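A.B. asks: here is my input; please provide its structure:
(one chain, ligands or ions: 1)
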Amino acid sequence: MKIKYSLITRRNFLNGLLGGWAAALMASFISPALKFVFPPYREPDEVILPWSEYKDMSPNSTKIFPWGSKPGIFKQNDDGTHTAFVGVCTHLDCNVTYIPDQRKFFCACHDGWYDENGIQIAGPPPTPMRKLEITIEGEDLIIRKPGVKVE
Ligand code: FES
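C.D. replies: Numbering: from 1, shown residues only. Below you'll find the model as predicted:
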């Protein structure tokens with residue numbers, strides 16, 4: 001039996017099918033690109049590290065620790081105190097390294113500089129490096145986001 005009248009012409013049906021296929025193809029390209037540019041990042045509230053690996057550091061030295069998917073920087077100060085930072089630049093999130101000879105943190109992406117306290121001193125970084133809170137409990141070195149309540 002042949003249909004005399006249809007609400008959808010063959011041309012419209014094929015155009016709709018082609019359009020849907022093109023939209024699905026574009027979504028499959030755009031989705032991974034968006035995840036690369038804006039990675040889903042969940043920052044931890046705290047990390048617990050073995051204090052034995054950090055307690056014998058020499059003054060003016062740093063050690064990297066994992067802070068979620070970003071690096072954290074644990075710094076041994078000259079006076080025996082410690083400081084912890086989120087180890088990425090406040091400009092565009094590039095990793096930052098500590099240069100002990102110059103007592104400065106350096107971001108190679110756009111020549112950004114911070115002093116040994118994480119305060120921006122040159123280049124494009126708009127704000128100081130993010131400091132984290134440090135607690136030592138027995139054998140644990142606990143590094144927390146500022147303001148996180150201890151249970
Ligand atoms: S990302 Fe560090 S200076 Fe631009």
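A.B. asks: per-domain residue ranges of the protein.
C.D. replies: 1-39, 46-144 (automatic domain parsing).
A.B. asks: deepest in the core, which of those is it.
C.D. replies: Highest mean neighbour count among those (mean count of other Cβ atoms under 10 Å): domain 46-144, with a mean of 16. For every residue, glycine as well, the C-beta is placed using N, CA and C.
A.B. asks: and the domains of the chain as a markdown table, adding mean pLDDT?
C.D. replies: Shown next, in a markdown table, are the domains of the chain (pLDDT from 0 to 100):
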| stretch | mean pLDDT |
| --- | --- |
| domain 1-39 | 87 |
| domain 46-144 | 96 |
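A.B. asks: of all the ones you listed, which lies closest to the ligand?
C.D. replies: Closest approach to the ligand among the domains of the chain (Cβ to the nearest ligand atom): domain 46-144, 2.9 Å.
A.B. asks: and that closest one, anywhere near the ligand?
C.D. replies: Yes: using Cβ under 6 Å from any ligand atom, a contact is recorded between domain 46-144 and the ligand, made by 89, 91-92, 94, 107, 109-110, 112, 123-125.
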